[in-house]
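Trainee: Generate coordinates for the sequence data below:
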Amino acid sequence: MLLGVLLISNIFLVFLWKKYLPLFFIFALLVGCFYASWSFSRTPLYPDSWTLPTRSPSLFEGCLLQKTEQPEGVVLILELVHSLEDFQEVPLTGRMRLTLQQGRVSVEPGDCVRVRARIKRPTFYANPGYFDNLHFLRRQGIFYSAFIPDERWIIKVGKKDRFFLGSLIRFSRQRILQSLASLPSDPGLSLFYALGLGDRSHLTETTIKNFRQAGVAHILSISGQHIGLIALVFYYLFKGLLLFSYRLSVRFSPQKIAALATIFPVIFYTHLSGAAYAAIRAEIMVLCYLGGILMGRRRHLASSMALAALLILMGDPSALFDVSFQLSFAAVGSMALAFDVVQPKSNFGKIIITSIAAFLGTAPLVSHYFYQVPMLGVLANLVIFWPVSLLMPLVFVGLIGALLHPVLGVFLIQPALWVATLLSHLVDYLGTWGGKGVVNYSLSWGEVTVLYLLMFLAFGFYWRRQWVKTGIAVVAILVLLWAPWEGGRMGPPRMEVTFLDVGHGEATLVQTPSGHTILIDAGGTQRIRPDRDIRSSWNIGEKVIFPYLVRRRIHTIDLAIISHPDLDHYQGFLGLLEQLPIREFWINGMMPKEEEDYRRLLDEIRSKKIPLRFSRAGDAVEWGGVALDILFPKSIDSKESANNNSLVIRLKHQDVSLLITGDIEGVAEKRLTRHVQHLKSDVFQVPHHGSRTSSLVSFLRKVSPRYAVMSVGRQNAFGLPHPEVLRRYQEEGIRLYRTDQQGAILLRSDGKTIEFETVLEN
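Mentor: Here you go, the predicted structure:
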């Protein structure tokens, strides 16, 4: 109803002021998209047609839409049809991400399959600044995830008919993959997969990191540069072939015939490579350009871009809030504006303007979403322009050869592999140097808005100078209104403690009024392919904790404490050490032989010459009125587990105190109750993620907290927290906060009062 009123109102206004038709049309479109996205955000996160089983595997059927090979296994995307419960079919809606952990599977896209697996909701981490994986998958219709050990858990039960184009693309990908499977693995081949099929799963984390640090990560995502090069090469190829025939060139227009013939390779490559938003945008813009040639009309970049945006948003209004959509149109929009102001005559001048405009246009969004800005990106893009321009036509020729015959494909793919290998080595070198120019900074939406307004004002100098005075006044007002709200730091100094959502693990960030930063534990997870002995390079410290630190403008950790050497408490530090300086480490001194990653972490700490202390009861530090004391253990008890040797830490800021307990169990709790006097605390971190062996009633009464915070993973394999533990806290009248239900939990205190803020509602 609201959407209809807004659209009708805008149409009415258009009739009153026809000269503002484009402005009102754009406004109506944006309002419609915002409303559609708002409605989308208010719908349930999961379809209510089916209740997820808690622990046991379920039998269900679906149609296979997509199949990719990734480090953690073969990933299948299924369109669910129904589940089979008690010999009855229960209809299902939505898609599922199914991971085969070992071996390969013979089913292909288009097959109907039956699977037995334990269904879960997709993993996500509810921290400020973390990429919203849940809503990203939801926009693709993916509501569930599951893992199966091997292909014995999935069988083919039929085949679903598809549209011709989908069948053609699927058949083509299978033929091409057969040719690629016979080639030895190398950096060039993994790059060929990414540029030819849009499949980045073969790229190593190091390769992706080098592309990102060099400022050329956009090369790995099919977009305007790739499709534009394909269109350019085929247009001039077809045009040149027509000009060879005098009769054809006289009878028909070579330009129009070449434009018509170029349409097919553009559409084919776009959808063969996965048809991402950036690729679809580029496809539409190229088709508009080719259509202009066919109709003898003048081509205009901004008009093509507007039409592409309109068509994409009509099909999916929520695309307005998709990262790739925003980056894609920011890049092209900035190029359109730049070429309207600066009109270089040489091709090299055009390349320079394109590179600078794309960098400036996307830098604010890159900083906001990815927390880093590669300052050397403009130079790196100039360096790799020619290798990429040579590589893309070779990639397409290799794809066509592989499609026609595997042997021909192997022969024609080789030139592309040589250039791809050269490009890979070049980017490795640029990434090494580019890493020194990476700025870790996260712009807020307010800052992003102000920067884009300033860019438009700069263009206003060229177009209409009267815009400038008004624009400067508008920006000044926005800055004045935004600064106090955005900063949130104006006021008396406070202690802030953030219990981060790291799944099944713990990570507690302490910020003192003096600006010192303490990180107690850093979570951890691992994903392993048993059949290939692959340990995932995905690290929770780099992917989850580091973005939050950058969002909070934290660039150094003054003190890092590892409560005990369990994977879910220390592994994140391996990723953090690569991202920012850590000035000192405290550990409990245990050296478990089975924890290889822990020994690797200690070696890394020593190699960086970071002070390392084996901490004991009595160790203390005070910064900005916040005192940190180690209460336990006095010494390592080798007869006890690592859990019962966890460092127990008490924080005190004036009248407010907080007790952090690691993974201690009943044995350690009894020792603390008997031997430590100052246990009473206002806030209490629940020991061992809510395990039944911890949180003894006698210990809770000795601590006597008003609030408790439980760091626990959603749908964890251990069934935590235990119901009996929850009952104990309820009976003791302790207000309980949980990261699995409320996401990251932020505690603020001025030393007298305590305030809590959570990312999610219960």
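
Trainee: Please point out which parts of stretch 589-608 sit buried.
Mentor: 589-590, 595, 597-598, 601-602, 605 (16 or more other Cβ atoms under 10 Å). C-beta here means a position set from N, CA and C on the backbone, and glycine is covered the same way.

Trainee: where in the stretch 451-600 of the chain is pLDDT low?
Mentor: Screening the stretch 451-600 of the chain residue by residue with the criterion pLDDT under 70, one finds the ranges 460-492, 526-537.

Trainee: re earlier: tell me which of the buried residues of stretch 589-608 fall in strands.
Mentor: Assignment to strands by DSSP state E places none of the buried residues of stretch 589-608 there.

Trainee: possible to save those as a markdown table with distance to residue 97?
Mentor: Supplementary listing: the buried residues of stretch 589-608 in a markdown table, determined by distance: Cβ to Cβ, whole Å:
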| residue | distance to residue 97 |
| --- | --- |
| 589 | 41 |
| 590 | 37 |
| 595 | 30 |
| 597 | 26 |
| 598 | 31 |
| 601 | 31 |
| 602 | 36 |
| 605 | 36 |
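
Trainee: quick one: which two of those are the most distant?
Mentor: Within the buried residues of stretch 589-608, 589 and 597 form the most distant pair, 17.3 Å apart (Cβ to Cβ).

Trainee: Residue 403: how many residues sit nearby?
Mentor: Neighbours of residue 403 under the rule other Cβ atoms under 10 Å: 19.

Trainee: Residue 655: which of the buried residues of stretch 589-608 is nearest?
Mentor: Residue 655 has its nearest neighbour among these in residue 589, at 32.8 Å by Cβ to Cβ.

Trainee: ok, back up a step: between the buried residues of stretch 589-608, which sits nearest residue 512?
Mentor: Closest approach between the buried residues of stretch 589-608 and residue 512, by Cβ to Cβ: residue 605, at 22.9 Å.

Trainee: Tell me how far the helix or strand that contains residue 170 lies from the chain's centre.
Mentor: Secondary structure from DSSP states H and E places residue 170 in helix 164-181. Taking Cα atoms, centre = their mean, to the nearest Å, one finds helix 164-181 lying 28 Å from the centre of the chain it belongs to.

Trainee: Which strands and helices lie in contact with the helix or strand just after it?
Mentor: Heading C-terminal from helix 164-181, the first helix or strand you meet, by DSSP H and E, is helix 187-197. With contacts defined as 3 or more Cβ pairs under 8 Å, 6 or more residues apart in numbering; DSSP states H and E, helix 187-197 has these neighbours: helix 164-181, helix 205-214, helix 377-404, helix 406-434.

Trainee: Go through those helices and find the least confident stretch.
Mentor: Comparing mean pLDDT across the helices and strands packed on helix 187-197, the weakest is helix 164-181, with a mean of 79.

Trainee: rewinding a little: what angle sits between the helix holding residue 170 and helix 377-404?
Mentor: Per axes from the mean of the first three to the mean of the last three Cα atoms, to 10 degrees, the angle that helix 164-181 makes with helix 377-404 is 100 degrees.

Trainee: Alpha carbons of helix 164-181, in PDB - could you do that?
Mentor: The C-alpha trace of helix 164-181 is given here as PDB (Å, rounded to 0.1, in the frame of the first residue of the first chain):
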ATOM      1  CA  PHE A 164      17.200 -24.700 -23.100                       C
ATOM      2  CA  LEU A 165      19.700 -22.000 -22.100                       C
ATOM      3  CA  GLY A 166      20.200 -23.600 -18.600                       C
ATOM      4  CA  SER A 167      20.600 -27.100 -20.200                       C
ATOM      5  CA  LEU A 168      23.100 -25.700 -22.700                       C
ATOM      6  CA  ILE A 169      25.200 -23.900 -20.000                       C
ATOM      7  CA  ARG A 170      25.100 -27.000 -17.800                       C
ATOM      8  CA  PHE A 171      26.200 -29.300 -20.700                       C
ATOM      9  CA  SER A 172      28.900 -26.800 -21.700                       C
ATOM     10  CA  ARG A 173      30.400 -26.600 -18.200                       C
ATOM     11  CA  GLN A 174      30.500 -30.300 -17.900                       C
ATOM     12  CA  ARG A 175      32.300 -30.700 -21.200                       C
ATOM     13  CA  ILE A 176      34.800 -28.000 -20.200                       C
ATOM     14  CA  LEU A 177      35.400 -29.400 -16.800                       C
ATOM     15  CA  GLN A 178      36.200 -32.800 -18.300                       C
ATOM     16  CA  SER A 179      39.000 -31.100 -20.400                       C
ATOM     17  CA  LEU A 180      40.300 -29.200 -17.400                       C
ATOM     18  CA  ALA A 181      40.400 -32.300 -15.200                       C
END
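
Trainee: Domain map for the chain?
Mentor: Per automatic domain parsing, the domain ranges recorded for the chain read 2-42, 58-161, 170-440, 445-486, 495-757.

Trainee: Thanks a lot, see you next time.
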